[in-house]
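*Asks:* have a look; sequence and predicted model below, questions after that.
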Amino acid sequence: MNGFVHSFESLGTLDGPGVRCVVFLQGCPLRCVYCHNPDTWDKTKGTVFSAEEVVRRVSRYRAYFGEFGGITVSGGEPLLQAEFVTKIFRLCREAGIHTVLDTSGHGANAANLMPLLQETDMVLLDVKMTTEQDYAEKTGGSLRQAMDFLSLLERQRIPVWIRQVVVPGITDSQENLFRLADLLADKECVQKVEFLPFRKLCKEKYDQLQIPFPLDRVPETTDAFCEEYSNRFYELWASKKKKR
Ligand code: SF4
């Protein structure tokens with residue numbers, strides 16, 4: 001079983017619990033306006049690896065994984081290569097390596113999704129926007145699709161960390177926090193919600209690819225704002241959960 005890989009990050013600490021080897025796969029069906037990896041969009045531009053080669057490479061770092069670390073498969077959108085990820089995760093589990101899927105919930109079909117979830121220990125789900133209109137306009141995807149995927153994770157009892165990029169003027173409002181807290185109020189599988197600051201380090205990649213960066217004029221989000229935004233979210237989320 002072969003797939004298209006963009007790159008590896010050997011010892012990441014930002015994509016799931018503990019120290020992890022992150023495998024970025026090539027190909028994505030979405031076009032988020034703030035995407036910092038436009039070089040992953042085209043599936044055919046990746047390097048072909050077998051699942052065994054990926055796991056051999058990841059296994060080199062297992063001494064650093066400790067109690068909580070392992071592999072995170074990210075993208076691009078890993079669900080576009082769901083069968084490849086299933087094989088990678090199956091081999092990882094056989095080797096005792098914890099498996100995390102970093103996804104938007106888009107790109108798989110019903111037939112290849114369940115086998116993958118059966119090999120998945122945890123999911124990082126990016127809930128990109130909190131209205132259907134924004135989701136369609138700013139990413140090309142669907143909020144319904146992301147929420148249906150989250151409901152499936154709830155039914156399968158797979159632990160989830162939600163993520164959202166805080167973009168000034170798009171996802172930095174109190175209304176956005178209310179809507180997100182509503183969307184997550186009844187989801188017991190959600191253990192944590194992470195707000196990530198919008199950054200423009202990717203601008204160079206857009207220039208190299210000769211693609212205009214849609215948010216060129218939007219200021220970056222500060223870490224301090226993200227922290228305060230996150231605190232406000234957790235208060236709201238707690239009160240909504242209590243009311244249920
Ligand atoms: S899902 Fe990720 S890789 Fe795909 S366009 Fe959005 S931010 Fe970029």
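*Replies:* Thanks, I have it. Residues are numbered from 1 along each chain as shown.
*Asks:* for Thr103, grab phi and psi.
*Replies:* Thr103 has phi and psi values of phi -150, psi 160 when expressed as degrees, to the nearest 10.
*Asks:* same check, this time on Lys192
*Replies:* According to degrees, to the nearest 10, Lys192 has phi -160, psi 150.
*Asks:* which secondary structure elements does the biggest helix by length in the chain contact?
*Replies:* If you go by DSSP state H, the chain has its longest helix at helix 223-243. Judged by 3 or more Cβ pairs under 8 Å, 6 or more residues apart in numbering; DSSP states H and E, helix 223-243 is in contact with strand 160-166, helix 174-184, strand 190-197. The C-beta positions use only the backbone N, C-alpha and C, and glycine is treated the same way.
*Asks:* rerun that using 6 Å as the cut-off
*Replies:* Applying 3 or more Cβ pairs under 6 Å, 6 or more residues apart in numbering; DSSP states H and E, one finds that helix 223-243 contacts helix 174-184, strand 190-197.
*Asks:* and the strands in the chain?
*Replies:* 2-12, 20-25, 47-50, 70-74, 98-103, 122-126, 160-166, 190-197 (DSSP state E).
*Asks:* which of these is buried the deepest?
*Replies:* Most buried of those, by mean neighbour count (mean count of other Cβ atoms under 10 Å): strand 70-74, with a mean of 27.
*Asks:* what does this protein put close to the ligand?
*Replies:* Residues of the chain lying near the ligand by Cβ under 6 Å from any ligand atom: 28, 30-32, 35, 37, 40, 75-77, 104, 139.
*Asks:* got a winner among these for most neighbours?
*Replies:* Neighbours here mean other Cβ atoms under 10 Å. Within the residues of the chain next to the ligand, the largest count is held by Gly76, at 29 neighbours.
*Asks:* contacting residues around it?
*Replies:* When contacts are counted by Cβ atoms under 6 Å, 6 or more residues apart in numbering, Gly76 touches 25-28, 40.
*Asks:* switch those over to CSV; also include pLDDT.
*Replies:* Shown next, in CSV, are the contacts of Gly76 (pLDDT from 0 to 100):
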residue, pLDDT
Leu25, 98
Gln26, 97
Gly27, 97
Cys28, 97
Thr40, 97
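*Asks:* now distance to Arg244 too, for these, in JSON lines please.
*Replies:* Below are these laid out as JSON lines (distance: Cβ to Cβ, whole Å):
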{"residue": "Leu25", "distance to Arg244": "36"}
{"residue": "Gln26", "distance to Arg244": "41"}
{"residue": "Gly27", "distance to Arg244": "38"}
{"residue": "Cys28", "distance to Arg244": "34"}
{"residue": "Thr40", "distance to Arg244": "38"}
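*Asks:* what sits against the nearest residue to Trp41 once chain neighbours are set aside?
*Replies:* Counting by Cβ to Cβ, 6 or more residues apart in numbering, Trp41 lies nearest to Cys28, which is 5.1 Å off, once chain neighbours are set aside. By Cβ under 6 Å, 6+ apart, the contact list for Cys28 reads 40-41, 75-77.
*Asks:* same thing with Met1?
*Replies:* Met1 neighbours (Cβ under 6 Å, 6+ apart): 51, 84, 87.
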